[in-house]
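> Need coordinates for the following:
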Amino acid sequence: MRIRTTAVLATSLAVLALSACNSPDEPAAGSTVAGPVSSAPPSPSTSPTRAAPLAFSQTLTTSAAEDGSVATATVIGYQQGVTAQQGADEENGTDGYVWAAVELKVCSAKGTIITSRFPWVLSYSDGARIEPSGTTFGDFPKPEYPIEATVKEGDCVRGKTVYAVPAAQRPAKVLYTTKLLAEPAEWAVPTA
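All right, here's what the predicted structure looks like:
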């Protein structure tokens, strides 16, 4: 049941992300529209446009047709230079890295859902991606986002997930990257 609910939530996020890209005059992703048939090949200069990333605190809402669950997800904030009992360089055997924290919130408006911190990834403008730290220290920012949580209808889970990041760079986006999504959901990280 837990795996199915996770798969349904992730698939629903993909459908929502795709349908959010449409203007009111465009069909929803996956829908069929009857119209005139053209024998002309598509213009090579035309390419689909991606939706702009969400801003922090903007909520992504999804519903799962299979079980009727409805969930929301948002990125609340980003903090770089988090101090802990052990530095990111010392923990990871690197030079020039610091700890950073992303605050997340996921709620169930209807039904029971499963959430985890591991699909939440930092994306940099040069293409680099950084996954959450597998390490946790007692002095990491609180509350910590759980490794995995079951969220019942009407409840939420909120917390901070820590990453080892390059001290001289700032991520461009926070991505929700579950393999079940066609495209990751994106939130833009403010420049300061």
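> Going by C-alpha atoms from here, please, whenever you check contacts or count neighbours.
Will do.
> pretty sure Glu148 contacts Arg117?
Yes: taking CA atoms under 8 Å as the definition, Glu148 is a contact partner of Arg117 at 6.9 Å.
> Who has more neighbours out of these two?
Neighbours were counted for Glu148 and for Arg117 using other CA atoms under 10 Å; Arg117 has more, 21 against 11.
> And stretch 183-192, end to end?
26 Å (CA to CA, to the nearest Å).
> likewise stretch 163-175?
13 Å.
> average pLDDT for it?
Average pLDDT, stretch 163-175: 97.
> residues of it that come out buried?
Neighbour counts over stretch 163-175 (16 or more other CA atoms under 10 Å) mark 163-166, 170-175 as buried.
> Just the ones of these in strands?
163-166, 173-175 (DSSP state E).
> Now render those residues as JSON lines, adding distance to Ala84.
Below are those laid out as JSON lines (distance: CA to CA, whole Å):
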{"residue": "Tyr163", "distance to Ala84": "12"}
{"residue": "Ala164", "distance to Ala84": "11"}
{"residue": "Val165", "distance to Ala84": "14"}
{"residue": "Pro166", "distance to Ala84": "16"}
{"residue": "Lys173", "distance to Ala84": "24"}
{"residue": "Val174", "distance to Ala84": "22"}
{"residue": "Leu175", "distance to Ala84": "24"}
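> if we can go back for a sec, quick one: which of the buried residues of stretch 163-175 is nearest to Ala64?
Ala64 lies nearest to Leu175 out of these, by CA to CA, at 20.5 Å.
> The closest one contacts Val189, doesn't it?
No: with contact defined as CA under 8 Å, Leu175 does not reach Val189; the gap is 10.2 Å.
> neighbouring contacts of stretch 107-124?
2, 5-6, 9, 67-73, 106, 129-132, 145-157, 161, 170-178 (CA atoms under 8 Å, 6 or more residues apart in numbering).
> ok, of these, which come out buried?
Applying 16+ other CA under 10 Å to the contacts of stretch 107-124, the neighbour count classes 5-6, 9, 69-73, 106, 130-132, 145-146, 150-153, 156-157, 161, 170-178 as buried.
> all strands for this protein, in order.
Remark: strands assigned in the chain by DSSP E are 60-63, 70-82, 97-110, 113-116, 120-123, 129-130, 148-151, 156-166, 173-176, 185-188.
> Which of these sits closest to Ala51?
With CA to CA, the closest approach to Ala51 among the strands of the chain belongs to strand 185-188: 9.3 Å.
> Report the mean per-residue pLDDT for the closest one.
Averaged across strand 185-188, the pLDDT comes to 95.
> Please export the C-alpha coordinates of it as CSV.
Extracted in CSV, the C-alpha atoms of strand 185-188 (Å, rounded to 0.1, in the frame of the first residue of the first chain):
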residue,chain,number,x,y,z
ALA,A,185,9.0,19.6,-10.1
GLU,A,186,11.2,22.8,-9.6
TRP,A,187,11.5,25.6,-7.2
ALA,A,188,13.9,28.5,-8.0
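> from the chain's centre, how far out does it sit?
Between the centre of strand 185-188 and the centre of its chain there are 6 Å (CA atoms, centre = their mean, to the nearest Å).
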